[in-house]
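Participant: compute the structure for the input listed below.
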Amino acid sequence: MADDRDTAEHGFTAAERAAIKQRAAELREQGGKGSAKKAREAQACLDAIAALEGPDRQIAERLHAVVTEEAPQLDPKTWYGFPSYARDGKVVVFFQPAAKFGTRYGTIGFNEDARLDDGVFWPVAYATLEVTAAVEEKLRELVRAAAG
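Facilitator: Numbering: from 1, shown residues only. You can find the predicted model right below:
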């Protein structure tokens, strides 16, 4: 995909600007407290997954099932429009669909609050074309560790 950015003039691509606007809308919608807020955030996550197509949707559905089973203490929500799962309001794991930025693969990523530290160097993102049985098993291990 060609980069539509001229950093000297524009700064962000159109897709990046759209993601920033999505995040701002999420923050506005997160008002309130307690179970009503969590229910709205969980529904937004499910809606984001339902809006996906093809492999992106299959991957997001499997990730949702894995997180729900392996780390039910993580709260589903959206983050920049991505299905994500948080602890104490901080995103731990998320799925960035390939279609979001026109990439060849989706990405399952882990933020700094994920408990994946392994010495001084460890992976925090995984390119994902599909969720096979082997991928799902590795994903379950990562989610369990990340959720700590």
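Participant: helix/strand/coil for Ala146?
Facilitator: helix (DSSP: H, G, I helix; E, B strand; the rest coil).
Participant: helix or strand with the lowest mean pLDDT in this protein?
Facilitator: Lowest on mean pLDDT, DSSP states H and E among the helices and strands of the chain sits helix 14-29, with a mean of 77.
Participant: residues contacting the residue lying closest to Val131 once chain neighbours are set aside?
Facilitator: Closest residue in space to Val131, ignoring its immediate chain neighbours: Arg62 at 4.1 Å, by C-beta to C-beta, 6 or more residues apart in numbering. Every C-beta, even on glycine, is put in place using the N, C-alpha and C of the backbone. Counting by C-beta atoms under 8 Å, 6 or more residues apart in numbering, Arg62 touches Val131, Glu136, Leu139.
Participant: show me where the chain has strands.
Facilitator: 75-79, 82-87, 90-96, 106-110, 125-128 (DSSP state E).
Participant: what's the closest of the ones you listed to Ala44?
Facilitator: strand 75-79 (4.7 Å; C-beta to C-beta).
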